[in-house]
Every structure is written in C-alpha cells, then in structure tokens.
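Q: need coordinates for the following:
(chains A, B, C and D)
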2 protein chains.
Amino acid sequence: MHQDLLRRCTYFTDLPDAILTAAASAAQLRRVQGGEFFFHQGDPASHFYVLAEGNARLSQITPEGRQVIMGLIGPSHEIGIIAAIVGAIYPLDLQATQDSMALIWDRATLRTLFESHPVLALRALHMVSGRFVELQDRYRELSTERVERRLARAILRLVAQVGRPASDGVTIAMPLARQDLAELTGTSLFTVSRTLSAWEDAGIVRSGRERVTLCDPGRLTAIAEDLPV
Amino acid sequence: MHQDLLRRCTYFTDLPDAILTAAASAAQLRRVQGGEFFFHQGDPASHFYVLAEGNARLSQITPEGRQVIMGLIGPSHEIGIIAAIVGAIYPLDLQATQDSMALIWDRATLRTLFESHPVLALRALHMVSGRFVELQDRYRELSTERVERRLARAILRLVAQVGRPASDGVTIAMPLARQDLAELTGTSLFTVSRTLSAWEDAGIVRSGRERVTLCDPGRLTAIAEDLPV
DNA sequence: GGCGAGTTTTGCGGTAGGACAAGGTTCGCA
DNA sequence: TGCGAACCTTGTCCTACCGCAAAACTCGCC
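A: Have a look, this model is predicted:
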C-alpha cells in the first residue's frame, strides 16, 4: 500500500513492481511526535527508515554540546541504511521537527530483501555513495567559501527539497529557525540574521519567525555561484 | 599472489581465502609515477583501486581553482568502489605523491565478484558507510573547531595511518608540505607554518621541508581533545 | 660548489564573522 | 486579552585568521 511513496524515493525509483511490493509489505510503520527522536547518535542501528510524513533533522552533538545539522529532510527521504550492517551504530540523531511517520525495516528484513533482490544491495551502495559525494561537496564549501555563499546554497537546496509555492515566491515548507540555518551552514545565528536582513532589504527573500520565502531565485543563485549580478 | 596485501585492507579483512584468491587473481596492476594521476575528478568511474605501494592524495578542485584535500592515503587503502555503479563518475582526483602501484578491478570484474560472493557487496556498503561517518566527523570538526585543534587531529590521523618510528618520535612517512596540511584542514599555509613553529618551540613536534615528526603525542592529543595540559 | 626553483618563516595590516547585550516581535496558552 | 517563552534584530566590541611581502632556507642538478 506504500508503493507510491517508495516509488518517489531515489532508493526505490524505477524498480520492478514486484520488488516494490515486497519491500512495502515488509515495512512497518513508526509514528513520532514533533520534537521526539526516531533514534539517537550512538544507538545500535536497528532500522532503515523512509520518512513518509512530516519533517526531521539529522544532527550531531559535539562533545562540548554544540549541535551541527547534517541535514533537514522531508517525505520520501531514506535514512539509516547502515542498519544493514551488523554491529553498526547510528552516527547521528534523527529528530522529528513536526509530527512524522516513517516506514521502517529491521536488519533481518533488510537482509532478506537483499538476498531475494540483490539489486537492493547495489542500490544501497549507490545511495550511500551519492550521499558521500554530497557531503564532500558541502565539506569543500565549508572549507573554502564565505558564510553568505554557504547560506545561499543551503537555502537553494532546501527550496529544491521541500519548497512550496507561495504568493510571493517559494516557501521552505518546514519550521526553520535562524539557529537551524546557522548549525546547517557552520556559522552563528547572528550572522544568519544579518545576512537574511540584508537579502530582505534587497528583495531577494522574505523571512520571519522560523520561516523563509525565496522571492528572487536568480539573484540568490548569483550569490551562491558568484555570478555577475 | 596479492592476498597478503588484500588481507590488510579493511575491505577484505577476515574473508575466507577462497574469496581473497578470487579477488586477487581477478585484479590487474597499475603503476603511476609520482605526481601523475590515477584518475581525475569527473572521469567515468571505471575501476576500483587498492593502493599497493606508494602514497596518494585525494583532492577536489573548486570552480575557482582552489584545492581541497579530502584524504592522504598509503598502501592497502581502498578507493573508488563507486566504480561498481553504472554511470558513476569519480568525485575527486587521485594523484600519486610518490611512485605508486595499485591493484585495480574494472566494473565487470567487480560485478562478477559481487555475484559470486555477495558478501563483497555488503562489505562495499560497509566501507562506504564507514568513510561517510569519518567525513561527517571531519565536517563537524571543520564547522565547530579552531584551526589549531583541526591541525592537531589531522597530524594524529596521519601518524596513525602512515607513521614510521624515528629517532626522536614518529615521522609521517610521506612528503607533506605546509600547503598540503592547509588544504587538508581548511586553513592557510601561513597559519599552518605558525602553528607548527609554536609546537616546535614547545617540543611537541619537529618539522622541516615537507616533513613532520611527532615527538610528544600526549601533548598533541591534549590539544586535539582540549584536555587539561 | 653554486645556481635556481620550490618551500618555509615571520612581520604586518586588514577583516569576516564570532560573542555578548539589550530590546523588539511572535505566538501559544491560560 | 494579556502573560511568558521562544525567537529575532541590531549595535558594539574583539579576535582568530587571512593575505601579502620579503627574506631565509632546502635541495636537486649542472
């Protein structure tokens, strides 16, 4: 009954119906309230998740208690394929930022699916490799680029991922505090606030409490890519 | 004939001899002179590599031409399992920093091995997941920590990876310029130079042209972990 | 042995952006 | 409708770090 959701995941996309049906019928459901955790950093990696409804935050906590956001995700995003590996632990927290629901598979189920459909193991490798490349790009960004450009890219990514058309542009359909953007881009909430204020004066975005709307994607892309304005 | 090398790779470790033999006999050899590239960022990912001799640098070039080093590797390090995936491209450069030799497998060979020995596909997932977690840690580091501590960690990692005992400590057995350390830790060569000079005055390291020797691992660990001195 | 290219050191400004503080705004909830 | 908590803005100060320049060092090679 969840085949349609799975079809929208990059992990399951374009697979034969037989495999989707097998995967969907082997899945269980897990609901979590906004603010609660699907799992914590350091927990044994027991399940593979596909977010079906809601939004969630992937984050790490530094030993000093500072938080770093590795990703903000919406429906049809896959998380925790590491559960396929014996003895693995989750390397980060997955926290629902709104009431959420996910399809989940435990390790034994996952292994059974891999054995019946070896393509799923290759797909898993494909998915993690893709995430790895994305993270490399973010690493390079953090290493070489200024805050303003990192912030521009983060917002463009979020708009592409969970954007919803609004009267005056495209809104990020997810509660998004200045602090979140700061932890996502490796800066401070003050700098985020100043930058957004400047962009708002320039008519590039409109923003408010936990809300950002992109009005002029062209100008923001110019900032992100250092194109001539 | 290369089973021993493979046994030292985390990818192949603890596998039955039959699998090691199958993998080793399917491998080809590739030699590359110091300074030359095994492959470039953007090339079709055609082969999986295991470095047998020499050293190499994994790096990305930003659109503006700035280099970022994602890793410095030595013998028995595996690179490019992404070659198992149809249509993939290498996300970075692999450049030999000294005359080097690698065992390589092309995609078809890799796929054949995966089919005969499904554990190899799972191991691939395991390996990439592990690298992903390491990169996450470096990302968090870059995002939240000061240069001095990032540099301390980078040196400790290199010592652990390719350290060679020397009269006055442990030397990093690989030519390692200030510029390399800067690109590895996301800082400038000047800051690296200043920091190493300060550490040398304090008796923690000894260093010279493209060479670093760690004399006092305890003190450097204290810097890396922010322990009381 | 000495030239020259590449590497490193160190001094000196300049600045992006971090940290703190104080006040304003938004929103849930009683 | 009004209170309180959470969130946002903006000013001021400050410093870690960058970027440049000039000189010193190292080492391969003729």
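Q: show me how the record splits chain A into domains.
A: Domain ranges of chain A: A:3-141, A:146-225, per automatic domain parsing.
Q: so which of these gets nearest DNA strand D?
A: With CB to the nearest atom of the strand as the criterion, DNA strand D lies closest to domain A:146-225 of the domains of chain A, at 3.4 Å. The C-beta positions use only the backbone N, C-alpha and C, and glycine is treated the same way.
Q: tell me the bridge partners for the residue nearest to the spatial centre of chain A.
A: Central residue of chain A (CA atoms, centre = their mean): A:I73, 2.9 Å from the mean position. Taking DSSP bridges as the rule, A:I73 bridges to A:A56.
Q: check contacts around it.
A: A:L51, A:N55, A:A56, A:R57, A:L58, A:I79, A:Q161 (CB atoms under 8 Å, 6 or more residues apart in numbering or on different chains).
Q: restrict those to contacts with DNA strand C.
A: Contacts with DNA strand C within those, as defined by CB under 7 Å from any atom of the strand: none are present.
Q: of the residues you listed - the most surrounded one?
A: Most neighbours among these, by other CB atoms under 10 Å in any protein chain shown: A:A56, with 27 neighbours.
Q: go ahead and confirm that residue touches A:D99.
A: No. Here A:A56 lies out of contact with A:D99, judged by CB atoms under 8 Å, at a distance of 10.8 Å.
Q: do a quick rundown of the strands in chain A.
A: Assigned by DSSP state E, the strands in chain A fall at A:28-32, A:37-39, A:47-53, A:56-61, A:67-73, A:78-79, A:93-96, A:100-106, A:163-166, A:169-172, A:205-208, A:211-214.
Q: read off the pLDDT value for A:R150.
A: Listed pLDDT for A:R150 reads 96.
Q: err, A:H77, not the other one
A: 95.
Q: ok, it to A:Q161 distance?
A: Counting by CB to CB, to the nearest Å, the gap from A:H77 to A:Q161 is 8 Å.
Q: closest to DNA strand C among the contacts of A:I73?
A: If you rank the contacts of A:I73 by distance to DNA strand C using CB to the nearest atom of the strand, A:N55 comes first, at 15.9 Å.
Q: now do the same contact list for that closest one.
A: Contacts of A:N55 by CB under 8 Å, 6+ apart are A:L72, A:I73, A:G74, A:A96, A:T97, A:Q98, A:S100, A:V162, A:M174, A:P175.
Q: what's the neighbour count on the nearest residue to A:T10 once chain neighbours are set aside?
A: Closest residue to A:T10 apart from its sequence neighbours, by CB to CB, 6 or more residues apart in numbering or on different chains: A:M127 at 6.8 Å. Counted with other CB under 10 Å, residues neighbouring A:M127 total 17.
Q: A:M127 against A:H77, yeah?
A: No. At 10.6 Å, A:M127 does not count as touching A:H77 under the criterion of CB under 8 Å.
Q: for stretch A:49-67, buried residues please.
A: By neighbour count on 16 or more other CB atoms under 10 Å in any protein chain shown, the buried set for stretch A:49-67 is A:Y49, A:V50, A:L51, A:A52, A:G54, A:N55, A:A56, A:R57, A:L58, A:S59, A:Q60, A:Q67.
Q: actually stretch A:134-143, sorry about that
A: Neighbour-count burial for stretch A:134-143, counted by 16+ other CB under 10 Å, picks out A:L135, A:Q136, A:R138, A:Y139, A:R140, A:E141, A:L142, A:S143.
Q: excluding chain neighbours, what is closest to the fifth one?
A: Spelled out, it's A:R140. A:R140's closest residue in space is B:V68 (CB to CB, 6+ apart), at 4.7 Å.
Q: around chain B, pick out the residues from chain A.
A: A:60, A:62, A:64, A:66, A:68, A:70, A:81-82, A:84-85, A:88, A:91-92, A:114-115, A:118, A:121-122, A:124-126, A:128-129, A:131-133, A:135-136, A:138-140, A:142-144, A:186, A:226 (CB under 8 Å from any CB of the partner chain).
Q: out of those residues, list just those in helices.
A: A:114-115, A:121-122, A:124-126, A:128-129, A:131-133, A:135-136, A:138-140, A:142-144 (DSSP state H).
Q: distance check, the nearest residue to A:S188 once chain neighbours are set aside against DNA strand C.
A: Distance criterion CB to CB, 6+ apart; nearest residue to A:S188, sequence neighbours excluded, is A:A182 at 5.4 Å. Distance of A:A182 to DNA strand C, computed by CB to the nearest atom of the strand, to the nearest Å: 7 Å.
Q: tell me if I'm right that A:R8 and A:H77 touch.
A: No. Using CB under 8 Å, A:R8 is not in contact with A:H77; the gap is 9.8 Å.
Q: between these two, which is the more surrounded one?
A: More neighbours surround A:H77 than the other of A:R8 and A:H77, with 22 against 13 (other CB under 10 Å).
Q: just list the residues touching that one, thanks.
A: A:C9, A:V50, A:L51.
Q: could you dump the residues you listed into JSON lines with pLDDT and distance to B:E200 added?
A: Listed next are the contacts of A:H77 as JSON lines, based on pLDDT from 0 to 100; distance: CB to CB, whole Å:
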{"residue": "A:C9", "pLDDT": "92", "distance to B:E200": "53"}
{"residue": "A:V50", "pLDDT": "96", "distance to B:E200": "52"}
{"residue": "A:L51", "pLDDT": "95", "distance to B:E200": "51"}
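Q: of these, closest to A:I19?
A: Proximity of the contacts of A:H77 to A:I19 (CB to CB) peaks at A:C9, which lies at 12.3 Å.
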